[in-house]
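J.: Sequence and predicted structure below; questions after.
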Number of protein chains: 2
Amino acid sequence: MRTLISEIKTKLEQTVKIKGRLISKRELGAISFLKIQDFTGVCQIVTQDKSLISLIEAMHPQSILEVEGKAVLDPKGNPEIHLESINIINAVKETPGIDLQSKEPKEKLETILSHRAISLRHPKYQDIFKVEAAIIQSYREFMTDFGATEFFSPLILASSSEGGAEIFELEYFDSKATLAQSAQLYKQIMVGVYERVFGLSKCFRAENSNTRRHVTEATQLEFEMGFIESIDDILEVETNAIKYILEKVYSKCEKELDRLNARRLMVPDGTFPKLTFDEACKVLNDKFEIDTEGWDDLSTESEKLLCEYARQEFNSDFIFVTNFKKAAFYAYRDEDGMIHNVDLLCKEMEISSGGRRFDSYEDLKMSIVAEGMDPQDFSEYLSIFKFGMPPHGGFGIGFERLVMLITGQDNIRECILFPSDPKRIASQNIR
Amino acid sequence: MRTLISEIKTKLEQTVKIKGRLISKRELGAISFLKIQDFTGVCQIVTQDKSLISLIEAMHPQSILEVEGKAVLDPKGNPEIHLESINIINAVKETPGIDLQSKEPKEKLETILSHRAISLRHPKYQDIFKVEAAIIQSYREFMTDFGATEFFSPLILASSSEGGAEIFELEYFDSKATLAQSAQLYKQIMVGVYERVFGLSKCFRAENSNTRRHVTEATQLEFEMGFIESIDDILEVETNAIKYILEKVYSKCEKELDRLNARRLMVPDGTFPKLTFDEACKVLNDKFEIDTEGWDDLSTESEKLLCEYARQEFNSDFIFVTNFKKAAFYAYRDEDGMIHNVDLLCKEMEISSGGRRFDSYEDLKMSIVAEGMDPQDFSEYLSIFKFGMPPHGGFGIGFERLVMLITGQDNIRECILFPSDPKRIASQNIR
């Protein structure tokens, strides 16, 4: 019977059988120490037996082992095993191109990505993607408790969807199709069905952006709800969702985040601070002497400064900016022409956008025409407005960007198992 | 302050404000009855007030309303509202092309799919996709409790991945790419990282199959684990996962499943019954007089008969068939050439396949060559076997097929929000 590493402490003074991967080995005088990992943890194995030590000398790390020995506590109170026998299930005969025993990976990201299948075994990446799994679990928990129903949006779409040029095209039998850029129209359709919905949707952008925060295949934490009074309802839900995630992840993944040296994000009491776009421009003008004349969007540099401002003024790593001057065609505009949209900035970066949407068939149709698009191409989507939509809105959070922020990484490629960008497909170089 | 419909019973004899969608209305003598739905339930609104009744007469179902009135209990003990005032938030002026008030949709599936954004509001589809959300939630719960880590596999892949012709091609900047057919190779890579992993992965198949159970964009409940002793370990985990899902969903979605008339699936004590492929052929021969001479796979008809056999012999709607004569290149073959693979059949249909995989670098490389493929195209995947893989295996369950079986639907398109097949993209006809 296999004993899991997490169970050793319940079997002290007994002989146990451990199965796992050899992480590291070292010798100290006449004693040999091994570290073995299974999915429940890491455990130290000790022996002074000369024949076992000579067996161990011939082994390469990453080998798959089965060891038997007596479970004891080491002087620090951690379970360890006094080795009795060892069985090599799968022997490794060479050393991988990535050093898996360094504290921080020593190789360049380029090299790490081109050996991704192995580099993911480095403790750093084991930690990052454990945190990722905890983030998504917490998000779903929050949304389910909030009464939202999970939905699955389609990824292959007919040629014209949201408009814009940054679309991947696909041969679909005798037709052309495109890959989804977002689940926006679908989550609005689903508000007509369940009122509150959420999903984890892949989105594809054929942008030739080679920055540290752009990839071509990304994931959005989608949310949309009906019967909002104003976009403040959206800001509140988003604040609560992020606070819930942080609280859960900081307690569940404490060890992983400590090993990653991830600074904990600051959140204020109540809803995250917010500025309108005009107020944000004034702050940039007054505090940072930036000329924002004629701006209709924030620059990367100005987003960074606004985050600095939020930390200083509100002890918050998060800040909402609302009422931008330009927006997607479905964004709600009031009688004064004000757009009810919102971005969330965190630590130098936009991590989410959202807002209230049009709920009137006529307004939405006019907006589609004003964008130079054909309402015919949106007939299915438009139909939901003919048949009653409540005032509604929502947000989409860039999942991998959130993982970057929580795990303290600078490049989004560190936070995707097999990232794609203009130079890579599923982490492998194409040029 | 809005009162949710689920909260009405806590506010009896008080005036409450309800916001929701008008589902139906009827008049009985001088009394008018409305049904309003929000995301927490459906509630009846009653009035005898003539001016309110004349207001109601002008309303179309699906309108978005805000009503105020006194919360009371009707004679059956259900909460209802005695109407005091009504406010139309968004008026509907016409009747949709799909009858949303019929018990069963009357329209053909063709019509329902081409009006999908509205037909999803029919109670039948509200129920189906509620059950879907509960299924996925239970699957993730089971897997997390089992110690598996969720992972997210890439969907855009470089040209050659698993081989086979049924691949969608994509323009990727100056290169060609393909859409993922499965997460198989990625989940094996992840076993090298976390030992036990699961995921919900989209897969794309350019098959020109126009059956009731084939679509081109589907979802797999993926699972893979290390340190198995034999494929029986896989059969056990899969049995337990499905039993867990059924138990949770049957209790959480009792009302939805009753309205859908979904017969509860039969599960035996212990692991689902299993037959080897040879034993299955013998059963088909002996019990059903089918000539299976030279077979290397089961026909659709024979799968149906084996399910009948499992019901009769084992009181089980599920039956495993193991050791098929052909398999993917990564399937483990033992020294006798026996393939350690498995399909799960349920109610006439294959809903899952899985098995043990090769864990030896040399064996796997030989198998790739034997299939006429180039090991160079698999170098990243192959590298994990050079650096130690435990004996491992897993399964992938067709998510939408599982939804079909649990909700009692005959066509997989009923169980996908916006299905794609050779004639449709995201539910819209293309030919």
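T.: Received it, and whenever you're ready, just let me know what you need. Numbers count the residues shown, from 1 in each chain, chains lettered A, B, ... in the order given.
J.: pLDDT weak spots in chain A?
T.: A:159-164, A:431 (pLDDT under 70).
J.: The closest residue to A:Gln137 other than its chain neighbours sits in which helix or strand?
T.: With sequence-adjacent residues excluded and distances taken as CB to CB, 6 or more residues apart in numbering or on different chains, A:Gln137 is closest to B:Thr144, at 6.8 Å. Yep, even glycine has a C-beta here, placed from its N, CA and C like the rest. Per DSSP states H and E: B:Thr144 is located in helix B:123-145.
J.: one step back: state the distance from the residue nearest to A:Gln137 to B:Phe399.
T.: Remark: distance between B:Thr144 and B:Phe399 (CB to CB, to the nearest Å) = 17 Å.
J.: Which residue of the two possesses the greater neighbour count?
T.: Just comparing B:Thr144 and B:Phe399: by other CB atoms under 10 Å in any protein chain shown the higher neighbour count belongs to B:Phe399, 24 against 15.
J.: What is the burial count for the residue lying closest to that one once chain neighbours are set aside?
T.: Nearest residue to B:Phe399, sequence neighbours excluded (CB to CB, 6+ apart): B:Thr219, at 4.1 Å. By other CB under 10 Å, 22 other residues sit near B:Thr219.
J.: what residues are up against B:Thr219?
T.: Residues in contact with B:Thr219 (CB atoms under 8 Å, 6 or more residues apart in numbering or on different chains) are A:Phe152, B:Leu200, B:Ser201, B:Lys202, B:Cys203, B:Gly398, B:Phe399, B:Glu400.
J.: and these, which of them are in helices?
T.: B:Phe399, B:Glu400 (DSSP state H).
J.: TSV please, covering the contacts of B:Thr219 and showing distance to A:Thr3.
T.: Shown next, in TSV, are the contacts of B:Thr219 (distance: CB to CB, whole Å):
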residue	distance to A:Thr3
A:Phe152	39
B:Leu200	31
B:Ser201	32
B:Lys202	38
B:Cys203	37
B:Gly398	35
B:Phe399	34
B:Glu400	39
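J.: Give me the contact list for the longest strand seen in chain A.
T.: Using DSSP state E to define each element, chain A has its longest strand at strand A:15-28. Applying CB under 8 Å, 6+ apart, the external contacts of strand A:15-28 come out as A:1-3, A:5, A:8, A:32-38, A:42-43, A:45, A:53, A:56, A:59-71, A:81, A:84, A:89, A:92, A:100-101, B:227, B:388, B:390.
J.: That strand: which residues count as buried?
T.: A:Val16, A:Ile18, A:Lys19, A:Gly20, A:Arg21, A:Leu22, A:Ile23, A:Lys25 (16 or more other CB atoms under 10 Å in any protein chain shown).
J.: For it, C-alpha coordinates in PDB please.
T.: Extracted as PDB, the C-alpha positions of strand A:15-28 are listed here (Å, rounded to 0.1, in the frame of the first residue of the first chain):
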ATOM      1  CA  THR A  15       7.500   1.000   7.700                       C
ATOM      2  CA  VAL A  16       5.900   3.000   4.900                       C
ATOM      3  CA  LYS A  17       6.100   2.800   1.100                       C
ATOM      4  CA  ILE A  18       6.400   6.200  -0.700                       C
ATOM      5  CA  LYS A  19       6.100   6.700  -4.400                       C
ATOM      6  CA  GLY A  20       7.300   9.900  -6.100                       C
ATOM      7  CA  ARG A  21       9.800  11.900  -8.100                       C
ATOM      8  CA  LEU A  22      13.400  12.300  -6.900                       C
ATOM      9  CA  ILE A  23      13.800  16.100  -6.600                       C
ATOM     10  CA  SER A  24      17.300  16.300  -5.200                       C
ATOM     11  CA  LYS A  25      20.000  14.400  -3.500                       C
ATOM     12  CA  ARG A  26      23.100  15.300  -1.500                       C
ATOM     13  CA  GLU A  27      25.700  13.600   0.600                       C
ATOM     14  CA  LEU A  28      27.100  14.700   4.000                       C
END
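J.: quick one: that strand to helix A:123-145, angle?
T.: Put simply, strand A:15-28 runs at 140 degrees to helix A:123-145, going by axes from the mean of the first three to the mean of the last three CA atoms, to 10 degrees.
J.: Quickly note the distance from the residue nearest to A:Asn285 when sequence neighbours are not counted to chain B.
T.: Nearest residue to A:Asn285 in three dimensions, chain neighbours excluded: A:Thr292, at 5.7 Å (CB to CB, 6+ apart). From A:Thr292 over to chain B the distance is 34 Å, taken as CB to the nearest CB, to the nearest Å.
J.: Just the helices from chain A, written as ranges.
T.: Going by DSSP H, chain A shows helices at A:50-57, A:109-114, A:116-119, A:123-145, A:184-194, A:231-252, A:254-259, A:277-288, A:300-314, A:361-370, A:379-386, A:399-407.
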